[in-house]
Each structure stands twice: as structure tokens, then as C-alpha cells.
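Visitor: With the input below, show me the fold.
(chains A and B)
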Amino acid sequence: MNRRVVMNQHGERNAFQVRLAAAAFFILAMFGVLVARFVWLQVMQHDRYLTLAEQNRISLVPIPPSRGIIRDRNGVVLAHNFSAYTLEITPSKVGDLEETITRLKGIVDITPKDRRRFKKLQEETKDFETLPIRTKLSDDEVARFAAQSYKFPGVEIKARLFRQYPLGESASHLIGYIGRINDKDIKQLEDDGRLANYRGTDHIGKLGLEQSYEEYLHGITGFEQVEIDSGGRAVRTLKRTPPQSGKDLTLSVDIKLQQMVEQQFAARRGSLVAIDPRTGGILALVSQPGFDPNLFVDGIDPQSWSELNESLDKPLLNRAIRGEYPPGSTFKPFMAIAALELNTPIVNQVISDPGYFIYGGHRFNDSKKGGYGSMSFDRSIALSSDTYFYQMAVQMGIDNIAKSMAMLDFGVPTGADLPGERPGILPSPEWKKKRFKKPAQQKWYSGETVSIGIGQGYNAYTPMQLAHATATLANRGVMFKPHAVQSILDVATGKKMIVEPKPVKTMPWKPHNIERVIRGMEGVMTVGTGAGVFRGAPYVSAGKTGTAQVFSLKGAKYNANAIKERLRDHSWFIAFAPSDKPTIALAVIVENGGFGAQAAAPIARKVLDYYLTGKLPPDPAALAASAAAKASAPQPASTVSAEVVPRD
Amino acid sequence: MIKHLWDRIKRPIDPWLLLFIIFLFIVSSVLLYSASNRDLDKVMDKVTFMGISLFGMWCIANIQPRVLMHLALPAYIVGVILLLAVEFFGVTSHGATRWLNIGITRIQPSELMRLALPLMLAWYFHHFESTLNWRHFVGGALIIAAPFILILKQPDLGTSLLIASSGFYVLFFAGLSWRFIGLMSGCIAVFAYIVTHWDMCINVLHEYQCRRIATMLNPMEDPLGAGYHIIQGTIAIGSGGWFGKGWLAGTQTHLDFIPERTTDFIFAVYGEEFGLVGNCILLILYLLVIFRALMISNSANTLFGRLLAGAIAMNFFTYALVNMGMVTGMLPVVGVPLPLISYGGTSMVSILATFGLLMSIQRDRSLMKG
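Guide: As a prediction, the model looks like this:
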């Protein structure tokens, strides 16, 4: 028995040693394979790899692709590329850099500004990268340098593509711009695994569609394997993989409409967003003032930058998606549909409107002194009765209001295909708890609900959000995501990808409730606050005026001349037409424009006229001048209709 | 007095292993000085870590294997729990969830499993030593499967395969049937065939993994992207020739062409500067370490010791092979450091911890003899 165990153990030991021997054999075999690989690389292929190592840094030259072109819906070019010659230096191949640049100055014109820019580039990059010292050389300069290039090893002339925005400031906030790739971009590209595709590319989309469609616009980098002699000149190309150009974008935007609106704004600040409610396609997206995107392409000079950045008018702010304003009375149609859906008692009542509303011991004034006497649901929208909506808000309660408005994407970005959209503020008790730190501030006071009802208080939305909600109402509750790009064209294959309009959601509204609100909004245009501006329109439209109170001058510098104008209310207008089958919905805000009917409604009228009848306003310059005159007049006489006094 | 102290310190230390480790450390420090572009701080960093790791090794070597056996099951269970925690609360970076945030630092539980799995399996087979049959191997396979699947899900194919292989070595030494091994080799061959063909691969693995394999087979397909590492690594090694370009004279290295040249790709630096002769010397050093470990395994007096020592030897070999295979373009690029040579504290500490285990097993035997 005992003997057997010992035998057994002995047998096990033997078996184990066989395993150990097998492992040792396996190890030797694998290391043998490694040695064979070393011999192959280091002995058999040594010459080849030595050559490659010596020529390594220049053996692979990336060829950047040309960037996709951006066009409007009618094919008008908004962003394209042009080829120009640049003079480029590779610092690692140049002995004395300062001396070389000084000698180059004798041949081409290099300004101190060029030198400063080059120096800055050099600090940001590695020495073996090739950097431009002068861009856009004249033919004459090219010829002169070519004749003497042999004296300048490490300096070469290259044909490069430059981005250009032919319309300058027009639609600048929509299109955005490209700029030099910085460390932050590199990190982002690395995280996305796209960095390799940017070798040889200096620029990247920084704002607007140039940024949000970067992946499509950029294209695929090609490369060239070249043999190079000791002087750094390419001897022959061993292999070439051509780059694939970026894809072209066609927008749903009509640039003629866009420019017409820009002219209407003239020197005023503000924004307009027009959407095709049937698809969500953006027809115009204006944020005034704009800026010239061409300034950014080659690195903006410090002076232009500080002018743009420090201007009181904030030309770099995209008001359409980042400007947050109280919606004022343009909020009322959305309140009205919510009240109908909730079957709030007031919608079936005629109330008495004395011109004020008492709640919790506070007096909330109507913008019409003395009030309207009796007021029904259907008249309350057209005449914009505050008293009626104060009561409506109280009856609905803040939770119901917040829930109904959240459905319309108030308080969240609409998801438009533009980067940097702000969410706005949809006030609610929950929001207040998150927004404020002190418990005393976190409490929701029922009196606050009253002013929410007429779009004041904490309410703040972007023109995009209002246009989006207006389009949803116009489309009878079927919501589309706003988008500016209509189709994406692959130039190489000719394949066109249409951006399919997808309904995001459908509001659970009852059709007769929708029609009732729209009838009210039609009333705005015929007998209500917009009637003066829309008299004689050859189509039936629906709209709503609004006035946003300006509380303070946050962050703006004190300026005695500007302050009076900048304290004036913002003028809002939302509209869509034709009201039974709308093809356009819009929201306009004119900052410090006064009442809604005063500044914003006339712009809306022109947009609808142009879009539905093809008629451009007769003389933009004269119109702009008269509009400016009107804006500064104390009483807008031309907008007063006989039936009612236009109040907001 | 001093002699007495030295006797106490060295008692559990295997002099041969220590000698080989020190040789490797010298190679590593000299190489790091070159790879880091003469960054003495980095070299000092490494030397500090060596000291810490050696101390850790000595501490573990002082623990009796019996104690280690008691640790096996808890370590394995803790490891699996941590991996499960990663699944639910893990930190995600570059699309993979591999880390746990424990306040002061992030830990990667798969690192713990490298040690815990072979320990667990060795204990398991030791426990059933006298009654071993095929059912126990099925149990062993299940013990491997749990961490393997959890790590595979992170996703981290490289680490999960390495950990599974460390488990497999224990099964192998415990007497896994040759027929089964043959069958498995066949399966692996079929799998390898599938993954090396893009259209079949995409059904089996993540796209990035397929891309790595495709790139390895033909680096010129993506010379600016993933293929860049392999192309530059092979150019560096190939241009080294018989004797290399000399210490500090590698052009590939010093012109910034080798990515991660102090860590995973440090072998490219070595191959460029020390050539074929240097490579063979390094292989011999590695072989000495591995064969010493196999000898310890052979002479261990318990099945636990034999299995653990054998698995440690094979693991060390696998890491060296995978790293060198990857840098020379024979294997796909996986994040495996070159054992004891690459810069990086974690891998050195864990490798020396396994050597501590080896020494503990070795001492146990000599104590019995004495």
C-alpha cells in the first residue's frame, strides 16, 4: 500500500518532468523563431532598413485633401477653396534661420508681421515640420524665388489651398470658419482616433457648420512615399495614394433671404431664425452683427481680434443659438395650447380685465392701462391680454406649465446641427433648486408663476428655440429637428446623401385645440397687435408679438450714449404662413427694439412676403434707414391700427 | 555583525535569480537613459522602483508557501469581485472600461488577476492532488473562464488572453491531456486563420482589434495611423544590423520616430542600438531566468510549488515573447511591456512579486532538505 503511493508519486514526478521538458522545448522553439525574425530583419533586410532609416523622416509625405464646398439651396457658394503659392521653411533643414529669412527678404516681401507669425508657429511645432513664412505669393515673387531656390536648401514654394468665404460677413454665424489646429483640437482628434488623418492638415473647422460637419468636410488624407536626396529635394515618388476630397454640403438656407434679413437689421442687433416646419430645414439664420470669417483663416491679427472681442455689440456671439432672452408675449400661444390641452377652466370663460391682476397681495399690471373690460380666450391671444394669461398661469400651476413647455424643447437645446447651442431656462421649482445654493432662494413662490405666464420672470430662450416651437405649432404638433444641411455630396463618387427630415415627436394635442390657438394667432395679424404691419398681405398668416424686458446691463461697459438705447425692451415676433398649410415659420428678435410690433414684426413681414410671393423689398437701403428712424421714434405711428391700440 | 545581517537578508533569496535580475536591471537602466533622451530623472525613478520592487520580492520570499496557499482563494475571489466592480462602476478611458477609481488613484484589477489566477489554480490542483481526474480540469477551466470573460468585456483582448494563458500553463503542468492540447491548438489555428481575414474577423472581434491585426499583416495599408508603430519599430530594429548603431546613437530613437519608446516599444531602441548580438544576449538573459524558474519548479516538494513555479516561468516567457513579437511585427500590437526592461512601475512590481513567490518555493525545498 505504502509502496504503491510512493510508486505513484514517482510516476507523477516523471510525468511532470516530461511536461517541463516539453515546456522548455516550446520556449526554445519560440525563441528560435524570434532569432530567425531578428536575423531576417537585421541581417538579410539590413540594407533596406538602413536606407529607410536614413531617409525616414521624408519618406512619407502626407497630401492633405481639399475641403468640401458649402453652398446654399440654390447653389450659391458660401465657402470654397482657392489655390495659392506659399513660401515654406523647414527649420531643421536650415542652418541659420535668421540669416536665411533676412536673405529671403531680398527676393520676396516679408513683413515684420509675417516674421512674428512665423515665430509663433515655430514655437508651437516641432523643428522638422514645414511652416509657411509668406502666403499668397504673386507670380512675380514665385518666378524670382524659383530662379534662386538652389541657394536656399530647406526653403520651398508650395501650392496650397486656402479657405475663402466669398460673402464675407453674410451668414458668418451659420457657416462658422476654419482656423489653425491647436493643442486642444489635437487632443480631441486623438481621443476620436482621427488624428492620423490630419497629418499635413493645418486647419480645422472652429465654429458653425464648418465645425459640426468637420468629419464630412475634411476628407481623407493621401500620402506619398518619396526618395529624397541629401539636399532635401524629392528625387522620385515611389508610391502615391491620392487624397479624397471632403464632401460638399448643400444647405436648406436661401442666401438671398438671409442677406435680405441682414439688410433689414442694418445696424441693429438681433437675430432671426426661419424654419420650414414641414422638414425642420433652416431657411435663414441671422445673428447681427456678424464678423468676417476670412479674418480667421490665416490666424487673426491681434488688433482685429480685440476689436471683435471687446465690442459692446458682441459680434462673435451667435445670438440665434446662444442668445437667451425672455420670450415675452410670444410665449402666450404655447401657454394657450397647453391650457386647452389641460382643460384649464379659464379657456371657457370670459373674464373681466381691469388692466391689472391681484395675486397674493401683489398687483400685476397689464401692458394696456385700464384693460379691455371683458376678455375671452380667443381674443386674449390677438390682443395679448396679460391679465388673462396671469390668471391662466395661476390656474395651470407651475408644474403643468413646465411640463407642457418641456415637450416643446424649451429649456433644452433643440439639437440643431450647429455647435454650441444653449439650453435656455425653463423655470420650475426643480430648476430653482438646482440653480440657487441658499435654501431661501431655492423656494418657489407662487407669485413667480404669474409672470412666467406672460413669458417674463426667469424664462429665457434662444431665437432658435422659439422658431423651433413655432414651427412645431405651425406643423400641427409634428416636430422636426432643425437642420441647416440638406444634402451631402461625395464629389468622387457623385453619391448624394440627402439629410432625411425625421419627425422627432408628435405633440399629443387635439386638432381642434391647435386650430383654436392658430385662429387666435391669425387674429394678431388681422385685428391684433400685428395688424398694422401685416395689412394687405396676400396670404393668411399667424403670428404673435412679444416684448422682453431688459433688467440690467450685465457685463456691458458704461457708455453714456449707448445706455439709454440699451435699456429699451427687446422686440420679439414669431409667425408662420400660410396659416392652414405653413411652409415657413420664424422667430425674430431685435435687441432694444421696443414693442414687438415696432421693430421685429416689419422684418417678419418682409421675410414672409419674399418667401411666399418672391418679392424682395424695393430698396433695402431706404427701408433700413426708415426702419432705423422708426425704431428711435417714441410712438410707432405706422403700426397703429384703427381697431385696437397695439400693445404687446 | 555585517556578515550575520547579510546572512539574514539573503536567506530566502535565490542567488542565481538575483544575479540575472540585476543583469537585466543594468541593461534596462542603460537603455532607458538612451530611450528617454538622457533623462537622468527618469533613470533615477526607475532605480528607485527597482529598490522598492526588490524589497517587495524579498518580503514575499520570506513568506512560507503554506501561507501563500491560504491566500490563493481569497485573492482570487477579491480579484473577481473587483473585476465585477469594474463592470458596474469602472472608469472609462479611450473606449475601454478597465479601471476602478479608489479616491487616491486608479487601479486596474486585471493586474491583480495576473498573480491571483495561477495562485488559485495551483492551490486548487494541489488540494485535489491524490484524486485528480478530468472533472478537476473542467473545474480549472471554469476558474479561468470567470476573469477571462470579465476582462474580455472591458474590452481588453490582449490582457484577457495573457491571463487565460497563465491559467492554461497551470492546467498543462497539472497534467492536462495531450489529446486535448492537440485539439485546442487546432482550434487556435482555425481562429487565427479567421481573424487574419478581415471579412471573417469583423464578425468575431471588435473593429479596432481587426484593424490592428490587418495592420500588422500589412502595415503599409495605414502608414500614418496604426501601422506607424510597426513600420518605425521594424525600421529601427532592421537598421541596427549585426552590432547596432551604438549606445545613444540610434537615429530612429533620437529623432522621435519610435512612439512609446521608453515603455512598450523599448525593444526597438535596444535592437537599433545593440543589434543582433545585443538581442541574442538579451534572449540568453531571459532564458537563464526562465530555466532557473523551471528548475525551481522541478525541485519543488509540493504540487502547489511545482505548478506555481512552472506557471510563473511560462508567464515571464510569454510576456517577453509577446512584446518582442509585437515590436518586430510578428504579433498584433497589444499593450505588453518588455519584462523588467520597460519603464513603468506596475509591471516591475508585479513581476518581482512573482519572483518572490519563486524564491519562497525554492527556500521551502532547501529548508526541508536541511
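Visitor: ok but residue A:80 is inside a strand, no?
Guide: Yes. Assigned with DSSP: H, G, I helix; E, B strand; the rest coil, residue A:80 falls within a strand.
Visitor: Now for the residue in the stretch 251-400 of chain A that chain B sits nearest to, how many residues are close by?
Guide: In the stretch 251-400 of chain A, the residue that lies nearest chain B is residue A:297 (24.7 Å; CB to the nearest CB). Yep, even glycine has a C-beta here, placed from its N, CA and C like the rest. Neighbour count for residue A:297, taken as other CB atoms under 10 Å in any protein chain shown: 18.
Visitor: Contacts only, for it.
Guide: Applying CB atoms under 8 Å, 6 or more residues apart in numbering or on different chains to residue A:297 gives the contacts A:162-164, A:177-179, A:203.
Visitor: ok, those residues vs residue A:265, which is closest?
Guide: Of all those, residue A:177 has the smallest distance to residue A:265: 20.6 Å, by CB to CB.
Visitor: could you list every residue that touches the closest residue to the closest one other than its chain neighbours?
Guide: The shortest distance from residue A:177 to any non-neighbouring residue, by CB to CB, 6 or more residues apart in numbering or on different chains, is to residue A:293 (3.6 Å). Taking CB under 8 Å, 6+ apart, we find residue A:293 in contact with A:165, A:168, A:172, A:175-177.
Visitor: lowest-pLDDT helix or strand in the chain?
Guide: Went with chain A since none was named. helix A:620-632 (a mean of 51; mean pLDDT, DSSP states H and E).
Visitor: and the closest residue to chain A within the stretch 151-300 of chain B, how many neighbours does it have?
Guide: Minimum separation of the stretch 151-300 of chain B from chain A (CB to the nearest CB) falls at residue B:238, amounting to 2.8 Å. By the criterion of other CB under 10 Å, residue B:238 has 28 neighbours.
Visitor: ok, now residue A:44?
Guide: Residue A:44 - counted by other CB under 10 Å - has 10 other residues nearby.
Visitor: so what's it up against?
Guide: Residues counted as contacts of residue A:44 (CB under 8 Å, 6+ apart): none.
Visitor: Residue B:309 now?
Guide: Counting by CB under 8 Å, 6+ apart, residue B:309 makes contact with B:293-294, B:296-297, B:300, B:357-358, B:361-362.
Visitor: tell me which element it falls in.
Guide: With elements taken from DSSP states H and E, the one containing residue B:309 is helix B:303-327.
Visitor: related to what we said a few turns ago, would you agree the residue of the stretch 151-300 of chain B closest to chain A is in contact with residue A:46?
Guide: Yes. Contact between residue B:238 and residue A:46 holds when scored by CB atoms under 8 Å: they sit 6.1 Å apart.
Visitor: how close does residue B:75 sit to residue B:111?
Guide: Counting by CB to CB, to the nearest Å, the gap from residue B:75 to residue B:111 is 12 Å.
Visitor: The stretch 101-250 of chain B: helices as residue ranges?
Guide: Remark: helices assigned in the stretch 101-250 of chain B by DSSP state H, counting those that start in this stretch are B:109-127, B:134-152, B:157-174, B:178-195, B:198-201, B:207-217, B:227-238.
Visitor: Could you tell me whether residue A:290 really is in a helix?
Guide: No. Judged by three-state DSSP, residue A:290 forms no part of a helix; its state is coil.
Visitor: burial count for it?
Guide: Residues near residue A:290, counting by other CB under 10 Å, number 20.
Visitor: thought it was touching residue A:314?
Guide: No. Contact criterion CB under 8 Å: residue A:290 and residue A:314 do not qualify, at 11.1 Å.
Visitor: Phi and psi next, for residue A:546.
Guide: Torsion angles at residue A:546 (phi, psi; degrees, to the nearest 10) stand at phi -160, psi 150.
Visitor: What sits closest to the residue in chain A positioned nearest to chain B if chain neighbours are left out?
Guide: With CB to the nearest CB as the measure, residue A:49 is the residue of chain A nearest to chain B, at 2.8 Å. Closest residue in space to residue A:49, ignoring its immediate chain neighbours: residue B:238 at 2.8 Å, by CB to CB, 6+ apart.
Visitor: From residue A:41, how far out is the one you found?
Guide: If you go by CB to CB, the gap between residue B:238 and residue A:41 works out to 4 Å.
Visitor: longest strand in chain B, by residue count?
Guide: Across chain B, the strand with the greatest residue count (assigned by DSSP state E) is strand B:96-101.
Visitor: Report the distance from that strand to the chain centre.
Guide: Relative to the mean C-alpha coordinate of its chain, strand B:96-101 is positioned 20 Å out (CA atoms, centre = their mean, to the nearest Å).
Visitor: same thing with stretch A:453-463?
Guide: Relative to the chain's own centre, stretch A:453-463 is displaced by 22 Å; criterion: CA atoms, centre = their mean.
Visitor: tell me which residues in that stretch are buried?
Guide: For stretch A:453-463, the neighbour count (16 or more other CB atoms under 10 Å in any protein chain shown) marks A:453-457, A:459-463 as buried.
Visitor: and what of stretch B:147-155?
Guide: B:147-148, B:150-152, B:154-155.
Visitor: export it as CSV, just CAs?
Guide: Provided in CSV are the C-alpha atoms of stretch B:147-155 (Å, rounded to 0.1, in the frame of the first residue of the first chain):
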residue,chain,number,x,y,z
PRO,B,147,-11.8,36.5,-15.1
PHE,B,148,-11.2,35.8,-18.8
ILE,B,149,-14.8,36.8,-19.7
LEU,B,150,-14.8,39.8,-17.4
ILE,B,151,-11.6,41.2,-18.8
LEU,B,152,-12.7,40.4,-22.4
LYS,B,153,-15.8,42.5,-21.8
GLN,B,154,-13.8,45.6,-20.8
PRO,B,155,-12.7,45.2,-23.7
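Visitor: circling back: show me the buried residues of stretch A:453-463 that map onto strands.
Guide: Among these, none falls in strands (DSSP E).
Visitor: Give me the subset of these that lies in helices.
Guide: The helices, defined by DSSP state H, take in residue A:463 from the buried residues of stretch A:453-463.
Visitor: Any chance of JSON lines for the buried residues of stretch A:453-463, columns pLDDT and distance to residue A:469?
Guide: Below are these laid out as JSON lines (pLDDT from 0 to 100; distance: CB to CB, whole Å):
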{"residue": "A:453", "pLDDT": "89", "distance to residue A:469": "16"}
{"residue": "A:454", "pLDDT": "90", "distance to residue A:469": "16"}
{"residue": "A:455", "pLDDT": "90", "distance to residue A:469": "12"}
{"residue": "A:456", "pLDDT": "88", "distance to residue A:469": "17"}
{"residue": "A:457", "pLDDT": "86", "distance to residue A:469": "18"}
{"residue": "A:459", "pLDDT": "90", "distance to residue A:469": "12"}
{"residue": "A:460", "pLDDT": "92", "distance to residue A:469": "14"}
{"residue": "A:461", "pLDDT": "94", "distance to residue A:469": "8"}
{"residue": "A:462", "pLDDT": "94", "distance to residue A:469": "11"}
{"residue": "A:463", "pLDDT": "95", "distance to residue A:469": "11"}
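Visitor: any idea which of the buried residues of stretch A:453-463 is closest to residue B:308?
Guide: Of all the buried residues of stretch A:453-463, residue B:308 sits closest to residue A:462, with 65.8 Å by CB to CB.
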